[in-house]
Each structure stands twice: as structure tokens, then as C-alpha cells.
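*Asks:* Okay, structure incoming, though there's no sequence with it:
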């Protein structure tokens, strides 16, 4: 078998083995992930090493799937939103009276169960 | 778009486990409340400050007013736009709807106008056999 033929066969196998739909630009290096997230590389390293940010260390180098980073970012901001709101007025002594006043003015009871 | 009514938003803020569990399943980018809820909450907070019996109570009421004001800045507020104002003018003329309070009609008008704008994204989710809730509206 000639070298050219072997090269073609290996190239075909490599193409077949690559997960479908993932192009080179979909995979980020540490520097690219940091630039994409607009944070320092050290921060990305900290998050990835702690298992928080999805990524893989391959031959000593970090690689990140762009779509996974996007999903992670979306999930992180969703969590932050609900953390901001859920229970923020837990200690509020006026809340019950406030709801009573509001729904008395509306002329109907609340639909949500306390 | 998910529109939170005043009771749902307040119970979420109170940390009610049912509302919190339900809310957690929703993408926050789609969550909003209406200008009516903002008015109701802030008006109630202003009343607590103005009707406080002494300096101590005034300070306490003001602290919770500021907290509510801050939380309301962290959620999308859907205003009454010309489309919802027009719907309001129409629904308030409907005899069958006259017993529904003004605040509920205004919120319904906002929700209906958004459905028109966003292409049918607003509907009402049923909660339990005890009734239907217009709170998490899609």
C-alpha cells in the first residue's frame, strides 16, 4: 500500500470517528474559552478543574465544547436568577398583610396556595 | 413568556416550596411580571411606610420597601402598551366581565396583547382540582 493510500484511509477513519456535527471551531482551547467567557484563563482553569465547567484535559491541555459551555452558562444564570428571588423576603413581617391588602382590593382570594 | 401574578411572585419571594419548585422548571429569560404587580407591591410598601406608628416601624417598613423595589428591578416588567390598552378598552365593555376587578382585567389585557405579539405563547396552566391559576401563564 502506498503512503498516499494509507493517508487517505486514515483520514477517512478520522472523519468517521469524529462525532457528527462537531467542527473544529466548536472546540475551544483554554485561552479561547476564557476569551469567549470574557474572564481570565485562571478562572476557567479553576472552574474546569473543580468539575464545575464541562471540559476535558487531553494530553495535558484543556478542551471545551462550545455548546457545552453555552449550556453551562445558561444554567448558571438561571440558577442565579432563582437564587436571587426565591426566599428573598422570607423574613419579611409585612408580606402576609401586603397580600391580604392587594387581594382584598382585587375583590377575590389569591389563587396560589400559601 | 411566563407572566407571574402578584401572589406567585410574592410567594416565590417568601420562599414557598411549591411555587419555588414550579418556578425552577422555567427558563428565567422567559419569566416576567406586569406593571400592575409592580404598582400593587410598591403601593402596599408605600402604605406600610406612611402608616407606620413610630420611627422604628418606619425604618423597618422602608427597609422592606427598598428590598422589594430592588427585586422588582431584577425581573422583566411588562408594561401596558397601546395594544394591551386597546384590549382593556374592549374587555371592560363586555358585560359578562364586569364583575372581574380592574387589576385582573389589566393583567389579562397585557397577557392577551403579548399572545398577539408573540404568536400564541400565552395560555393558562391548570394547577389543581381546586381551581385554575393564571400565574404561570404561557
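*Replies:* That came through, no problem. Just so it is clear, the structure is predicted and the values come from calculations on it, not from any experiment. Numbering: from 1, shown residues only, chains lettered A, B, ... in the order given.
*Asks:* Going along the chain, name the strands of the chain.
*Replies:* With no chain named, the answer covers chain A. Counting by DSSP state E, chain A has these strands, from start to end: A:27-29, A:56-58, A:61-65.
*Asks:* that's the wrong chain, I meant chain B
*Replies:* Using DSSP E, strands in chain B cover B:2-4, B:31-34, B:76-78, B:124-128, B:131-137.
*Asks:* what residues are up against residue A:41?
*Replies:* By C-beta atoms under 8 Å, 6 or more residues apart in numbering or on different chains, the contact set of residue A:41 is A:30-31, A:34. Placement of C-beta: from N, CA and C, glycine included.
*Asks:* one step back: ok, which of the strands of chain A comes nearest chain B?
*Replies:* Taking C-beta to the nearest C-beta, strand A:61-65 is the member of the strands of chain A nearest to chain B, at 21.0 Å.
*Asks:* Just checking: what are the partner strands of the closest one?
*Replies:* strand A:27-29 (antiparallel), strand A:56-58 (antiparallel) (DSSP bridges).
*Asks:* Now mean neighbour count too, for these, in CSV please.
*Replies:* CSV is the format used below for these (neighbours: other C-beta atoms under 10 Å in any protein chain shown):
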stretch, mean neighbour count
strand A:27-29, 16
strand A:56-58, 11
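*Asks:* Save those as JSON lines, and put in mean pLDDT too.
*Replies:* Compiled in JSON lines, these are given as follows (pLDDT from 0 to 100):
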{"stretch": "strand A:27-29", "mean pLDDT": "96"}
{"stretch": "strand A:56-58", "mean pLDDT": "94"}
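*Asks:* Make CSV out of those strands and add distance to residue B:52.
*Replies:* Shown next, in CSV, are the strands paired with strand A:61-65 (distance: least, C-beta to C-beta, whole Å):
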stretch, distance to residue B:52
strand A:27-29, 55
strand A:56-58, 58
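*Asks:* for these, which one sits closest to residue B:98?
*Replies:* strand A:27-29 (59.7 Å; C-beta to C-beta).
*Asks:* residue boundaries of the helices in chain B?
*Replies:* Secondary structure of chain B, counting by DSSP state H: helices at B:6-14, B:17-23, B:35-50, B:55-73, B:82-91, B:102-118.
*Asks:* rewinding a little: relative to residue A:108, tell me which of the strands paired with strand A:61-65 wins on proximity.
*Replies:* That would be strand A:27-29 among the strands paired with strand A:61-65, by C-beta to C-beta, at 53.1 Å.
*Asks:* got a list of what the closest residue to chain A within chain B touches?
*Replies:* The nearest approach of chain B to chain A comes at residue B:15, 3.1 Å away (C-beta to the nearest C-beta). Residue B:15 makes contact with A:86-90, according to C-beta under 8 Å, 6+ apart.
*Asks:* dump the residue contacts of the residue nearest to residue B:12 when sequence neighbours are not counted.
*Replies:* Spatially, and ignoring its direct neighbours in sequence, residue B:12 is nearest to residue B:19 (5.0 Å; C-beta to C-beta, 6 or more residues apart in numbering or on different chains). Contact analysis of residue B:19 by C-beta under 8 Å, 6+ apart lists A:112, B:8, B:11-12.
*Asks:* which of the residues you listed has the most neighbours?
*Replies:* residue B:12 (27 neighbours; other C-beta atoms under 10 Å in any protein chain shown).
*Asks:* just checking, it touches residue A:89?
*Replies:* No. Between residue B:12 and residue A:89 there is no contact under C-beta atoms under 8 Å: 9.1 Å.
*Asks:* Okay, now the unreliable bits of the chain?
*Replies:* Reading this off chain A. A:1-20 (pLDDT under 70).
*Asks:* you looked at the wrong chain, it should be chain B
*Replies:* B:115-138.
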